Structure formats: C-alpha cells, structure tokens
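Chemist: Can you look at this prediction? I've put the sequence above it.
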Amino acid sequence: MGAFYRQGETLMVDYTPVADLEGGSIVAIGSLQAVIHSDCVTGTVTAASFPNGNAVYEITKATPANEFAVGDLVHGNAGNTAALSSAANSGGGDDRLGVCVKASSASDTTVWAVLDSGI
C-alpha cells in the first residue's frame, strides 16, 4: 500500500524479509527501524531505508484511527510493520521514525512522512 514517494537523501540497505511485505511497511533491523521501498516476497532481497534526511515515504498506518497533522511525529511499530501516532504510542516503546508532511485522517490507511529518527 505505502511506498517510496519522493527522491531524497536516504541510507539504503539490503533486507531479506521473513514474510511477504507491502512497500511502506516498517521492519526492525537490529535495534533500528527501516521502511521497505516496494512490495517484496519472503526470502527475496529488497531495499530498505533508514531514517536519514529528506526522502518522503507513504507508510502504512497501524490502524486508520491513527490521525496525523502536518508536523506530528510518526512512530514506527516494527512488530506490526506499521506507523503509530504519538497519541497511540502514549505507552512508549515504539521508536520515532519521522515527521508527518501530509495530514492523515481516520479514513486514511497511510501517512506521508519524512524519515528522521531525531538522533
């Protein structure tokens, strides 16, 4: 559903998924989170991007009820391969993935974000 949207500076790595994934899914690589560039199948090497710079991604939301305004933090939830709003992440435990650049209402299934871990 989600995918790489706008070319920008990214830190790309090869990633071999253990399950089929849609572009825009979030995955854990070690202690970091990355976004998958395009749909991929189990066992096939694909491109993943770490938060770094100014590339914009359309990322699948954990649930459509997660709403985002421009400037809101987007948290990665690698366990669910999806994005959470700060409100949904109130218990903590999910890492900052980026910042919302296009408002996303409860009826939207994705959020557009600049990947920026805030490190």
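Modeler: Looks like it arrived, so ask away. Numbers count the residues shown, from 1 in each chain.
Chemist: Over to G76. Which of the three states is it?
Modeler: Per DSSP: H, G, I helix; E, B strand; the rest coil, the secondary structure class of G76 is strand.
Chemist: Please read the previous query as pertaining to S49.
Modeler: S49 ends up strand, using three-state DSSP.
Chemist: May I ask which helix or strand of this protein has the lowest mean pLDDT?
Modeler: Every helix and strand in the chain was compared by mean pLDDT, DSSP states H and E; the lowest is strand 3-6, with a mean of 59.
Chemist: what's the helix or strand encompassing M12 packed up against?
Modeler: Using DSSP states H and E, M12 maps to strand 11-15. For strand 11-15, the elements it packs on are strand 26-29, strand 32-36, strand 46-50, judged by 3 or more C-beta pairs under 8 Å, 6 or more residues apart in numbering; DSSP states H and E. Yep, even glycine has a C-beta here, placed from its N, CA and C like the rest.
Chemist: so which of the ones you listed comes closest to T60?
Modeler: Among the helices and strands packed on strand 11-15, the nearest to T60 by C-beta to C-beta is strand 26-29 (7.9 Å).
Chemist: so which strand or helix has the residue of the chain most remote from its centre?
Modeler: Outermost residue of the chain with respect to the C-alpha centroid, by C-alpha atoms, centre = their mean, is G43; its distance is 20.5 Å. Per DSSP H and E: G43 is located in neither a helix nor a strand.
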